[in-house]
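Trainee: Build me a model:
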Amino acid sequence: MKNKKQVGKALGRVASGLYVVTAKCEDKEDAVLASWVNQCSFDPPAVTIALATLRPIRLLVEASDAFIVNILPKDDMTLLKHFSRPPEEIFKGVKTRKGFDGIRILSDAVSYLECEVAHSMQAGDHVLYVGEIIGGKTLKDGDPYIHVRDNGFNY
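Mentor: Just a heads-up that it's a prediction; the model follows:
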């Protein structure tokens, strides 16, 4: 690749939101801070998420074929700080409620989308999931958190 440093800076300018993806299978559950979430279809409504192959949550998504995307608020950094360095008990101190298949919804998120996995594919060091939206709700007024990265080759 020519000019990797310049490409990394340019790639980092691709704006994205910040989300917490939650998943559950049987008695195991997990959550991960994610930035690679995008709408990909109107009919049926669907989003894509990309999860690093080494993330434990990926196994829960694949085993249950379901996940929830929690959209983080711009004006409250509490959830962002919690999930950027989560405690061992990942949901400790976070208000939640149960959603589709018992997957946790973050009560202080701006909104959430309940998804069933329709497709998946390997995408380099991540797995790309297409989730058909089967439910969702706006939980509070406010804008979602949006950011750009300094370098498109790392988080």
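
Trainee: Give me the distance between stretch 108-117 and the centre of its chain.
Mentor: Centroid separation between stretch 108-117 and its chain, computed with CA atoms, centre = their mean, to the nearest Å, is 9 Å.

Trainee: How about stretch 42-60?
Mentor: The chain centroid and the centroid of stretch 42-60 are separated by 7 Å under CA atoms, centre = their mean.

Trainee: same check, this time on stretch 15-27
Mentor: Counting by CA atoms, centre = their mean, stretch 15-27 comes out at 4 Å from the chain centroid.

Trainee: So for it, what gets flagged as buried?
Mentor: Residues 17-25 are the ones in stretch 15-27 that count as buried (16 or more other CB atoms under 10 Å). The way it works is simple: take the backbone N, C-alpha and C, and place the C-beta from them, glycine included.

Trainee: of the residues you listed, closest to P86?
Mentor: Using CB to CB, V20 is the member of the buried residues of stretch 15-27 that sits closest to P86, with 9.6 Å.

Trainee: just checking, that closest one touches S35?
Mentor: No: the pair V20 / S35 is not scored as a contact, 10.7 Å apart, by CB atoms under 8 Å.
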